[in-house]
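Visitor: quick one, what's the 3D model for this:
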Amino acid sequence: MEWQIKTIARKSTLSGEVFSPGDRVVCLIFMGGVGELGRADLRPDEVEAFELPGEVLGRWARVVKDPDDESNTASETMASAEDFFFSLFENESPDTKEESDMLKHLLSLMLERKRVLRAFGDRKSTGEQSYRHVKTKQMIQVPIMDISTKLMHKIEDTIGDIIL
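Guide: Below you'll find the model as predicted:
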């Protein structure tokens, strides 16, 4: 399964202002209604003013590209996925544990495939898998989750630009 970060929304979730090439955008993934994942794309100065309907699971930042300039898109997308992955460990909450753990598991598999993470020790099928971040040598424990089709569709609808 191949995942990649979706393209940024064309306008701010809060103000509705259109993003221009070169603008920095903060993408937030949060728990919305009953078990629903939500996404907000905001200007950095709007993040504090945005009233989240639920807890933040993770975040990453991107720079809006000129549609005619496709250079560095793959590396920037991978950097966004990496930022999002690490942010999932910063915003842990018991209320969003299942969704957060699933995102950690799915992103770790993608980042391992892209050689950003390297599995450490024996490959596990239950519990937690140890990974080493290639650049920083940081060790990370990632929960192993059974991913249902229903849950996968829920995630794809929200952050399909990270996971395709």
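Visitor: tell me which stretches of this structure form strands.
Guide: 24-31, 37-42, 56-63, 117-120, 128-133, 139-143 (DSSP state E).
Visitor: any chance of these in TSV, with mean pLDDT, distance to residue 48 and mean neighbour count too?
Guide: Any C-beta I mention is one placed from the backbone N, CA and C, and that applies to glycine too. Output for those, formatted as TSV (pLDDT from 0 to 100; distance: least, Cβ to Cβ, whole Å; neighbours: other Cβ atoms under 10 Å):
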stretch	mean pLDDT	distance to residue 48	mean neighbour count
strand 24-31	87	11	20
strand 37-42	86	10	20
strand 56-63	85	12	20
strand 117-120	92	31	16
strand 128-133	94	29	18
strand 139-143	94	29	16
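Visitor: any chance of these in CSV with distance to residue 9 as columns?
Guide: Output for those, formatted as CSV (distance: least, Cβ to Cβ, whole Å):
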stretch, distance to residue 9
strand 24-31, 8
strand 37-42, 4
strand 56-63, 11
strand 117-120, 28
strand 128-133, 29
strand 139-143, 29
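Visitor: for residue 15, which of the ones you listed is the nearest?
Guide: Nearest to residue 15 among the strands of the chain is strand 37-42; the distance by Cβ to Cβ comes to 8.3 Å.
Visitor: excluding chain neighbours, what is closest to residue 142?
Guide: residue 108 (4.4 Å; Cβ to Cβ, 6 or more residues apart in numbering).
Visitor: and for the one you found, the neighbour number?
Guide: The burial count assigned to residue 108 is 21, neighbours taken as other Cβ atoms under 10 Å.
Visitor: circling back to that earlier point, out of the strands of the chain, which is closest to residue 97?
Guide: strand 139-143 (8.8 Å).
Visitor: got the contact list for that closest one?
Guide: 89, 101, 104-105, 108, 117, 120, 127-133 (Cβ atoms under 8 Å, 6 or more residues apart in numbering).
Visitor: pLDDT wise, what is the residue in the chain sticking out farthest from the centre at?
Guide: Distance from the C-alpha centroid of the chain peaks at residue 122, with 26.1 Å (Cα atoms, centre = their mean). Residue 122 is assigned a predicted lDDT (pLDDT) of 88.
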